[in-house]
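how would this look folded up:
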Amino acid sequence: MTTPRQAAIQAIATTEYDLNQIDFRTAHLKELFGTLVFSEEVQKQRLPKPVFKALQKTIKQGAQLTDPAVADAVASAMKDWAIEHGATHFTHLFQPMTGLTAEKHDSFLAPTGTGSAVSEFSGKELVKGEPDASSFPSGGIRATFEARGYTGWDPTSPAYIREAPNGATLVIPTVFVSWTGEALDKKTPLLRSMEALSQQAIRIVKLFGNTEAKKVFTTVGPEQEYFLIDKNFLYARPDLLNCGRTLFGAKPAKGQELEDQYFGTIPERVLACMAECEAEMFKLGIPVKTRHNEVAPSQYEIAPIFEDSNLATDHNQLTMDVMRRTAEKYGLVCLLHEKPFAGINGSGKHNNWSMSTDTGENLLNPGDTPHDNAQFLVFCVAVIRAVAKYPELLRVSVASAGNDHRLGANEAPPAIISIFLGAQLQDIMEQLEKGKPEKTIPGGFMEVGASVLPKLPRDAGDRNRTSPFAFTGNKFEFRAVGSSFSIGGPNTVLNTIVSESIDFIATALEKAVGDDKSEARLNKAIQDLLPGILKESKKVVFNGDGYSDEWHKEAEKRGLPNLKNTVDALPVIVRKDSVELFTKYKVFTERELTSRYNIFSEKYVKEVTIEANTMVSMAKTLILPAGLRYQGEVATAVNATKAAGVDAGAQLDHLKELTATIAKFQAATADLDHAVSHKHSGDPYADAKATRDTVLPKMVELRTLGDKLETIVADDLWPLPTYREMLFIK
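All right, here's what the predicted structure looks like:
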């Protein structure tokens, strides 16, 4: 009898894939980039000049697009451009609270009534769509029978073409709101938070005499980690197929201990897949820059250049979609779960965040003499204050059942939110706390010790991969975001808390300066204000090892919250101070916050329940039968040995251990089955808490016994692909 595992390995061994599907000698990067995007250049070529100017004013300055004629002109040009690229349909792409994207396709075709048809796409169709909203998570905002929801065109994120084997589709990024006006998506609050931050940050910019800047953007470059394994293994693993992670799996003899995967040579099949992914992303205008092997076997990373936060969020959703679809062409599956395999590194999404003016100035760029750069110091202190004041909001923004398996492990920062500044900036902040900073620690050069090598410039500070929020030169890197996340949620929170902090500082400086706009008066006001803020906020600054037990004890002394799992973090969403913050800056209404509290609670319960049910099914139908078959074989061998008059003591001990483990495994399966079948109370958070406290411990117990059986049962009987196979067979 062939096991699913054996069939998977046989399929892998006998299948060959075409690894030469992309030729960058004939399809040059410059020629590919943005070819499927209705970009500013395309708009300039195809739109009447007044329409183009009106649209660009909306995109770059946030001016409201009110003239229906402008929308009609854009729609007409967009339709003609899309049809030229083979598009037959258009769709409003939105980001519901599932964390994924959603779309409904409509044809450009419109019958004339005379037996023929024409292609139509109006401004009204561009600006507004009406998908059914009843089956998307709403957290109580919409009842099941209340179906109406609206999508609204987001002109700041350009439309693009999605190619498919049988045609193409014009994709229009949109927001998604209910009939009663509440946000049902990730994009709407993100746009609101960006606007809130811009309004506050421009006040500081103006204090420093910049009259040209009209808007401040937050920018993001999300580093995306992921696993690639052969798709035949996916089909043989119900846990990977249903849950995105392995619920059973004994630790292999070799994992990542030798550290030979990290930045190693990329396997040929994987590299071919990466190349095609990048080609598709280039065509869609996604500025991917870096690719490399990550720490764990079969783990990789792709990273883009930073963009406007809204566009970066859309592009990251698109990146994950492209990776999933392209991997299949190479017989691979892209795993984006935060912890697909126990015992080795999981996957995150490092969120590199900064602020820039519409004139191109990075407000978190310290320059060569950051101690003299007053504007940088103001914005940097504002971020430090925000993280110190609202660490629990940052924590809940990255909370999920999947990320709980990763945070606090050796490859990810702890659930305690802290800031790493680095030696140079730490020194400047200490000087600032005592008065006016006078000097900057220079970076200098390294003497490598080989005369043939040039002197290498050295940064003034090291990096800290154990910190959840680290300054990395001209940006802050929020390292706690999970690999499957939409970055819209974490950046909405980050933008909002920094908005409040900038507002606080701007109000104090404006009051202190009054009518005296001189540089000297402003500098005096800054020197009077920032030291006090730093003194209050420095509890969150930590440059040491975030993995150490000592840090956990120190963090507790400092009063830093340690919300160890999602269920602990969720109540922060609807806490009074959270509601006051988000409503003050018009990012969320109280009803929208309550809905998200309910949605995240329900999602936690559903995800853990699916995993538990999958474990029970695998235990009963795959692992237990394999164990019983092996038990039968061992029992037969013991009886045969005894019948031959030979001492069977060792074999009998093995049989006893096997039988006892199987009995415990059956009991643990029954316990988990009972725990997961309990009736829910109807209160989403109470159900999440009960699921964490009753179901998760039973899952851990069952896994421990299942993994033990994997190390006992004969290899030829074990039905599931093992870690050593999934992680190392390419």
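
grab the most central residue of the chain for me.
What sits nearest the mean C-alpha location of the chain, by Cα atoms, centre = their mean, is Phe485, with 3.2 Å.

now that one: how far from Lys576?
For Phe485, the distance to Lys576 (Cβ to Cβ, to the nearest Å) stands at 26 Å. From N, CA and C alone the C-beta is placed, and that goes for glycine too.

same thing with Glu257?
48 Å.

got it, and Glu556?
Distance from Glu556 to Lys576, by Cβ to Cβ: 24 Å.

low-confidence ranges in the stretch 401-550 of the chain?
Where the stretch 401-550 of the chain drops to pLDDT under 70, the residues are 410-411, 443-463.

the helices in it, which residues?
401-404, 422-434, 488-513, 519-537, 549-558 (DSSP state H, counting those that start in this stretch).

now swap in the stretch 1-150 of the chain and tell me
Using DSSP H, counting those that start in this stretch, helices in the stretch 1-150 of the chain cover 4-14, 29-32, 40-46, 49-61, 68-84, 123-127.

now for those helices, which one comes closest to Leu207?
With Cβ to Cβ as the measure, helix 49-61 is the member of these nearest Leu207 (20.5 Å).

which neighbouring elements make contact with the closest one?
Where contact means 3 or more Cβ pairs under 8 Å, 6 or more residues apart in numbering; DSSP states H and E, helix 49-61 is packed against helix 40-46, helix 68-84.

distance from it to the middle of the chain?
31 Å (Cα atoms, centre = their mean, to the nearest Å).

buried ones in it?
Buried residues in helix 49-61, counted by 16 or more other Cβ atoms under 10 Å: 51-52, 54-56, 58-59.

closest to Pro442 among those?
Closest to Pro442, out of all of the buried residues of helix 49-61 and judged by Cβ to Cβ, is Ile59, at 40.8 Å.

where does the nearest residue to that closest one once chain neighbours are set aside land in three-state SS?
Excluding its sequence neighbours, the residue lying closest to Ile59 (Cβ to Cβ, 6 or more residues apart in numbering) is Thr156, at 5.1 Å. Following DSSP: H, G, I helix; E, B strand; the rest coil, we place Thr156 in the coil state.

who's in contact with the residue nearest to the centre of the chain?
Contacts for Phe485 (Cβ atoms under 8 Å, 6 or more residues apart in numbering) come out as 99, 349, 398, 400, 403.

just the buried residues of these.
99, 349, 398, 400, 403.

looking at this, the second one is in a helix?
No: counting by three-state DSSP, Lys349 is not part of a helix but strand.

per-residue pLDDT, it?
Reading off the confidence values, Lys349 has pLDDT 94.

buried ones in the helix or strand containing Ala637?
Taking DSSP states H and E as the definition, Ala637 sits inside helix 624-643. For helix 624-643, a neighbour-count test (16+ other Cβ under 10 Å) marks 624, 626-628, 630-631, 634, 638, 641 as buried.

can you put these in TSV and add pLDDT and distance to Ala650?
Below are these laid out as TSV (pLDDT from 0 to 100; distance: Cβ to Cβ, whole Å):
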residue	pLDDT	distance to Ala650
Leu624	98	25
Ala626	97	22
Gly627	97	20
Leu628	97	21
Tyr630	96	16
Gln631	97	16
Val634	94	11
Val638	92	10
Thr641	90	10
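
would TSV of the residues you listed with distance to Gly343 be doable?
Output for the buried residues of helix 624-643, formatted as TSV (distance: Cβ to Cβ, whole Å):
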residue	distance to Gly343
Leu624	23
Ala626	21
Gly627	22
Leu628	27
Tyr630	24
Gln631	27
Val634	28
Val638	33
Thr641	36
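
quick one: least confident helix or strand in this protein?
Ranked by mean pLDDT, DSSP states H and E, the weakest helix or strand in the chain is strand 445-446, scoring a mean of 53.

who has more neighbours, Glu556 and Lys576?
Ranked by neighbour count (other Cβ atoms under 10 Å), Glu556 and Lys576 place Glu556 first, with 12 against 7.

ok, that one - contacts?
Glu556 sits next to Asn562 when contact means Cβ under 8 Å, 6+ apart.

against Leu170, how distant is it?
Applying Cβ to Cβ, the value for Glu556 to Leu170 is 54 Å.

how about Gly402?
33 Å.

need the least confident one among the helices of the stretch 1-150 of the chain, by mean pLDDT.
For those, mean pLDDT drops lowest on helix 29-32, to a mean of 82.

mind listing the strands for the stretch 51-200 of the chain?
If DSSP state E, counting those that start in this stretch is used as the criterion, the strands of the stretch 51-200 of the chain fall at 87-93, 105-107, 109-111, 117-119, 128-129, 149-153, 160-164, 167-178.

helices or strands next to the third one in the packing?
For strand 109-111, the packing partners by 3+ Cβ pairs under 8 Å, 6+ apart come out as strand 117-119.

for this structure, longest strand please?
Longest strand in the chain by number of residues (criterion: DSSP state E): strand 216-230.

what about that strand, average pLDDT?
On average, strand 216-230 scores 96.

in its sheet, what does it sit against?
strand 299-304 (antiparallel), strand 307-308 (antiparallel), strand 332-335 (antiparallel), strand 349-357 (antiparallel) (DSSP bridges).

can you give me the buried ones in it?
Within strand 216-230, the residues that count as buried by 16+ other Cβ under 10 Å are 216-230.
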